[in-house]
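Chemist: Dropping a prediction and its sequence here:
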Amino acid sequence: MAATAFAIEQSRRAEARQLPGPCHDDFLRLSRTLIHGPEFQWLLVEAPNEGLRRQVMTALDNVLQLAGLSSNRLPLNAKILDVPMLEERLVKIARSAAVVHVFGQSGWFDAPRWEAFNTRRERLASKARSRLVFWLDAEAIALASRSAPDLWSWRGGVYSFVPEAALTTTTSPGEVSPGDAIYPDKFLLASAIDIDNRSMAERSRRVVEIKTWLDRHPEAPDELKVSPLSELGKLLFSLGDYDDALELWQQFELPLHRRLNDCRAAASTQGQIAAILQLRGDSAEALRICREEVLPIYERLGDVRSRAITMGKIADILQQRGESEEALRIYREVQLPVYERLGDVRARAVTMGRIADILQQRGDTGEALRIRREEVLPVYERLGDLRLRAATMGMIADILRQRGDTQEALRILREEVNPAFEGLGDVRSRAITMGMIADNLQQSENSEEALHILNDEVLPAAERIQDRDLIASTLYESAILRLKLGGLENQNDGRIIVESLRKCFELNCQLGRVNSIASVGSLFGQLLVNTGLVDEAIPVLEKAAAALEELQQLEQAYRLQELVDRLQVTRQ
Amino acid sequence: MTYYPPRHLLEVLQKIEYEVALSNGDPRYVDSHQARGSQQTFTRLARKFGWDPASDTFFAPHDKHVLFFGHIGSGKTTELRRYAAMLNDSKHFYVVEVDVLAKLDSNNLQYTEVLMAMAETLLERLTADHYSLNEAALNPIRDWFVSVVKTRTTNSELTAELKTSAEASGGIPGLIKLLAGFTAAFKTGSSHKSEWRQEIRNGFTTLAIAFNDLIRRAEAELANAGRADRLLFLIDGTDKMRGEDTQQFFVQDAEQLLAIQTLVIYTAPIEMKYDGRLGGKLEADIVLPMMKLEERDGSPFEVGLETMRKLLLLRADRSLFASDADLDRLVRFSGGHPRELLRLLKLCCELADELIDGQVVQSAIDKLAADFRYFLKPADYALLKAIDRNPAHDGNDDRAQELLHRLALLQYNDGKWRRSHPVVRTLEGYKLAITPTTAPLADVAAIEAN
């Protein structure tokens, strides 16, 4: 349901403010015509910068959603073989989306393709009755005006989102270790991200400061840029701007290190890139980068420690892909001997924690518990690392919960873990701890209190630090809890469940979390169907099916697509 | 019911739909004959088909194929629909409008399928108006299909379906079904498209005779009923074919078009008029001119300005403009092109908070000008400036045609003179362009002064 006109206008302006200055006016124009313009429009957007394009698109989708306009995305890539196929896709998507974003491969539209597209003008206007937003570069727009003159004459407008020149040559991060984020241990993920304890607002301000500095010093020597770029990347990552962080690392930091002939730093950046790719579900590419780009550099440099860390990252990816046996072998046979030889007790403890993770997953909770209690915890206690100690205690509590000892688990979480993170001012880790407390309460049949904690403690904290992953996972858990509590039988609860899943799904779409899009989308879509919201369900299910396809879960993808097809027929 | 223009900016924005040509009777229609400086356009067109609207004198030629040119978005379809209504109302013509874009695949269009669509639409029209033709009138064309289907060896689904239709059905509905089978196959890009095209080409002479026979018999029926003397086909959409298809259709296959002995108007892309390849086979001298806002010497043309004002005020209520001056400025910078005026209005609606004032209008002009920056090159600016200094400059090379096609250059008085789009003249590239001549320049200052 659409929000009030006032709320939409507020959101439109707020989103515009978040964008780089030059984007402000055109964002307002574009969002206005999308919301208030006619049903069919062909809009051209010059957005040559991938990061900025994503930023604007996301901001736009936020406003559209508030206005009650569904949107969908159609990437132009090699899978779209020709213009007839593009037309077919547009027509199909337009049936269920009020706004279709078409973007992707620069150069997909050559002159013959624009010409072919031009002749489909009338058919598009009659069959793809949506606001078709084409995100292109200036060259493609010029080509459209020449090769698709009739369509060009129907353009609803041309909008430009071009980054400030200096910004395009700035940003790049440094020593942040998002590689840690790929560890399945949620507290280690938290510790890697939340090393920076500055508030959200402070970090945002610092981002602007760094960008402004870089903007004003475009000619600064590369050596001078390394440090601010490094901090910027870390900040972006901590703010959850993975797209921007990734772009920064790929487009700026990596070339910068290469210009400076710093192959070690380049390898480190590659590792960070791989970590983000893995977070987004592109484990194949992450694995390739680690194996083919990073590892050879450390081997050439003879850096056995960095090689061992990289092997650990490879093992993490393998474990995530279900190859836990090979992951275990790497931890035990490759990493541990190196750390033992080097006397790096901390790194050894971290690796032992990974081994415990796998054992816990396999159900060998006894050995997992022993490792954490006897081999990991004492090391962190000896080193005085309060954060890692608290995280390990949290994982011990998790094993206890798995073994059914929810009382002891609750005691540890409440009396040891939570106070530790509170003392450290680690908002995110505290929120995760509260989430784990909720898990235990739920398991001990105290679902009401669990729900209360999720909604009143975890969610507000996640929202305050704008941790979209945490927001999404909390919303999901909360919705599942309500479902278990028979929420669908109560109209108000039913509405909350739908809203929670809707927001959770949207966040996952924004974050590009393929796994979550698949799982949440499947549940949410089917729930929408059951509640009669077929129009909204179709694009959700389509996205979920596409995600499943991407994850190679073809059978499930096919089943969902079949459901979509049936719904389409019913609706007609 | 009285029509009131939208009184809110967002409502104006919501109703600007470039893809919708005004239908006959739309309250937003404004008579633009005088403003276009071409009151004679319709008369000339009608006279080509043997009718003098002033005296109602009528003597139709045996056949006539006329191309109708116009700028993209200049109101061609809207005007043609008006012309068609007037020709139809004269009772001399029974106008059959064929929208090839709706019926066929304009991405790959040839005379073969246009011919089928003409026959199909004619029969649909006759049926809708309750005219009937006897079997003798329908047999020649049906026989053609039967013979083609029989000689074909391809056992395709389409062939089987057509065979069934050809053999089983009778009357106009049967023939419509038969023809619709063809046009549907052509539209959906059936794999048999090229085969059927070849069949039509191979048996074209016979088919043309059969179609001509059908046309004669239909005309006889209409004359008997006192409805009309002649059929007149209006083929809309042929101005939007792909470049190579346009050449094939109007140049290489012109003889085949002419083999259909009837009265036809085809819409055609304006650049084709000037590229010299038409070779005089089809009548190619009717251009729908732009509405002119000034005379060739730069003095204001009040009729044009008033017409465009009316057009604007039917799209947005006067209360939305801060002043008449703002409204007039929008009109002047449209260059007399209706869609460009709507484009400026849309930009204003995107930019304004509550009122369209001077600042909003200026921003709209700047934004529209920026669209041209995507494709204009330094040499284009120089050429536009040269043409502006000498509006009669014939400039019919590829570049000038390209500029015409993309509305950077507009032409007035049936193409007798041209001028650059007013918003283009605000661009720095234009201002800095160097031309050899020192003749007076119709620049932005002149527009502002008017």
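Modeler: Here it is on my side, so go on. Predicted, not measured: the structure shown is a model, and the values here were computed from it.

Chemist: Just the CA atoms of the longest helix along chain A, as PDB, please.
Modeler: Criterion DSSP state H: the longest helix present in chain A is helix A:491-511. Provided in PDB are the C-alpha atoms of helix A:491-511 (Å, rounded to 0.1, in the frame of the first residue of the first chain):
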ATOM      1  CA  GLN A 491      -5.300 -10.300  11.100                       C
ATOM      2  CA  ASN A 492      -2.900  -7.800  12.700                       C
ATOM      3  CA  ASP A 493      -0.100 -10.400  13.200                       C
ATOM      4  CA  GLY A 494      -0.600 -11.600   9.700                       C
ATOM      5  CA  ARG A 495      -0.100  -8.100   8.400                       C
ATOM      6  CA  ILE A 496       3.100  -7.700  10.500                       C
ATOM      7  CA  ILE A 497       4.400 -11.000   9.200                       C
ATOM      8  CA  VAL A 498       3.800  -9.900   5.600                       C
ATOM      9  CA  GLU A 499       5.400  -6.500   6.200                       C
ATOM     10  CA  SER A 500       8.400  -8.000   8.000                       C
ATOM     11  CA  LEU A 501       9.000 -10.400   5.200                       C
ATOM     12  CA  ARG A 502       8.500  -7.700   2.600                       C
ATOM     13  CA  LYS A 503      11.100  -5.500   4.200                       C
ATOM     14  CA  CYS A 504      13.400  -8.400   4.700                       C
ATOM     15  CA  PHE A 505      13.100  -9.400   1.100                       C
ATOM     16  CA  GLU A 506      13.700  -5.900  -0.200                       C
ATOM     17  CA  LEU A 507      16.800  -5.500   2.000                       C
ATOM     18  CA  ASN A 508      18.200  -8.700   0.700                       C
ATOM     19  CA  CYS A 509      17.500  -7.600  -2.900                       C
ATOM     20  CA  GLN A 510      19.300  -4.300  -2.200                       C
ATOM     21  CA  LEU A 511      22.200  -6.100  -0.700                       C
END
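
Chemist: how distant is it from the center of its chain?
Modeler: Mean C-alpha position of helix A:491-511 versus that of the full chain (Cα atoms, centre = their mean, to the nearest Å) differs by 17 Å.

Chemist: which element follows it toward the C-terminus?
Modeler: Proceeding N to C from helix A:491-511, the next assigned helix or strand is helix A:514-530, under DSSP states H and E.

Chemist: send the alpha carbons of that next one over as CSV?
Modeler: The C-alpha trace of helix A:514-530 is given here as CSV (Å, rounded to 0.1, in the frame of the first residue of the first chain):
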residue,chain,number,x,y,z
VAL,A,514,21.4,-14.3,-3.5
ASN,A,515,20.9,-17.0,-0.8
SER,A,516,18.5,-14.9,1.2
ILE,A,517,16.6,-13.7,-1.9
ALA,A,518,16.0,-17.3,-2.8
SER,A,519,14.9,-18.5,0.7
VAL,A,520,13.0,-15.4,1.9
GLY,A,521,11.6,-14.8,-1.5
SER,A,522,10.2,-18.3,-1.8
LEU,A,523,8.5,-18.1,1.6
PHE,A,524,7.3,-14.5,1.2
GLY,A,525,6.0,-15.0,-2.4
GLN,A,526,4.0,-18.1,-1.4
LEU,A,527,2.6,-16.3,1.7
LEU,A,528,1.5,-13.4,-0.6
VAL,A,529,-0.2,-15.9,-2.9
ASN,A,530,-2.0,-17.4,0.1
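
Chemist: What average pLDDT does that helix get?
Modeler: The average of the pLDDT scores along helix A:514-530 is 88.

Chemist: Check which helices and strands that helix is in contact with.
Modeler: Counting contacts by 3 or more Cβ pairs under 8 Å, 6 or more residues apart in numbering or on different chains; DSSP states H and E, helix A:514-530 is packed against helix A:468-484, helix A:491-511, helix A:534-550, helix A:554-571. In this view, the C-beta of every residue, glycine as well, is placed from N, C-alpha and C.

Chemist: So which of those helices is nearest chain B?
Modeler: helix A:554-571 (19.0 Å; Cβ to the nearest Cβ).

Chemist: what inclination does the closest one have with respect to helix A:534-550?
Modeler: 160 degrees (axes from the mean of the first three to the mean of the last three Cα atoms, to 10 degrees).

Chemist: which outside residues touch helix A:554-571?
Modeler: The contact list for helix A:554-571 (Cβ atoms under 8 Å, 6 or more residues apart in numbering or on different chains) reads A:95, A:518, A:522, A:525-526, A:529, A:534-535, A:537-538, A:541-542, A:544-546, A:548-549.

Chemist: relative to helix A:514-530, how tilted is it?
Modeler: Going by the same axes, to 10 degrees, helix A:554-571 makes 30 degrees with helix A:514-530.

Chemist: gap between helix A:554-571 and the chain center?
Modeler: Counting by Cα atoms, centre = their mean, helix A:554-571 comes out at 26 Å from the chain centroid.

Chemist: what about the chain, any weak spots by pLDDT?
Modeler: As the question left the chain open, I've gone with chain A. Residues of chain A that meet the criterion pLDDT under 70 lie in A:1-3, A:6, A:164-204, A:238-240, A:279-281, A:321-322, A:424-426, A:464-467, A:572.

Chemist: my question was about chain B
Modeler: In chain B, residues with pLDDT under 70: B:37-39, B:106-108, B:149-170, B:186-193, B:275-281, B:392-396, B:414-415, B:435-450.

Chemist: Return the set of buried residues in the helix of greatest length in chain B.
Modeler: The single longest helix within chain B, with elements called by DSSP H, is helix B:204-224. Judged by neighbour count (16 or more other Cβ atoms under 10 Å in any protein chain shown), helix B:204-224 contains these buried residues: B:204, B:207-208, B:210-215, B:217-219, B:221-222.

Chemist: ok, now stretch A:486-493?
Modeler: Neighbour-count burial for stretch A:486-493 [16+ other Cβ under 10 Å]: A:487, A:493.

Chemist: mind checking how far residue A:312 is from residue A:294?
Modeler: Distance of residue A:312 to residue A:294, given as Cβ to Cβ, to the nearest Å: 12 Å.

Chemist: so residue A:401 makes contact with residue A:438?
Modeler: No: using Cβ atoms under 8 Å as the test, residue A:401 is too far from residue A:438 to be in contact (11.1 Å).

Chemist: More neighbours: these two, which one.
Modeler: residue A:438 (26 against 23; other Cβ atoms under 10 Å in any protein chain shown).

Chemist: got the angle for the helix or strand containing the more buried one vs helix A:468-484?
Modeler: According to DSSP H and E, residue A:438 maps onto helix A:427-443. Angle, helix A:427-443 to helix A:468-484, by the same axes, to 10 degrees: 10 degrees.

Chemist: which helices and strands does helix A:427-443 pack with?
Modeler: helix A:186-193, helix A:386-402, helix A:406-412, helix A:418-424, helix A:447-453, helix A:459-464, helix A:468-484.

Chemist: Just send those helices back as JSON lines, with distance to chain B too.
Modeler: As requested, the helices and strands packed on helix A:427-443 are exported to JSON lines (distance: least, Cβ to the nearest Cβ, whole Å):
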{"stretch": "helix A:186-193", "distance to chain B": "40"}
{"stretch": "helix A:386-402", "distance to chain B": "51"}
{"stretch": "helix A:406-412", "distance to chain B": "55"}
{"stretch": "helix A:418-424", "distance to chain B": "48"}
{"stretch": "helix A:447-453", "distance to chain B": "41"}
{"stretch": "helix A:459-464", "distance to chain B": "31"}
{"stretch": "helix A:468-484", "distance to chain B": "30"}
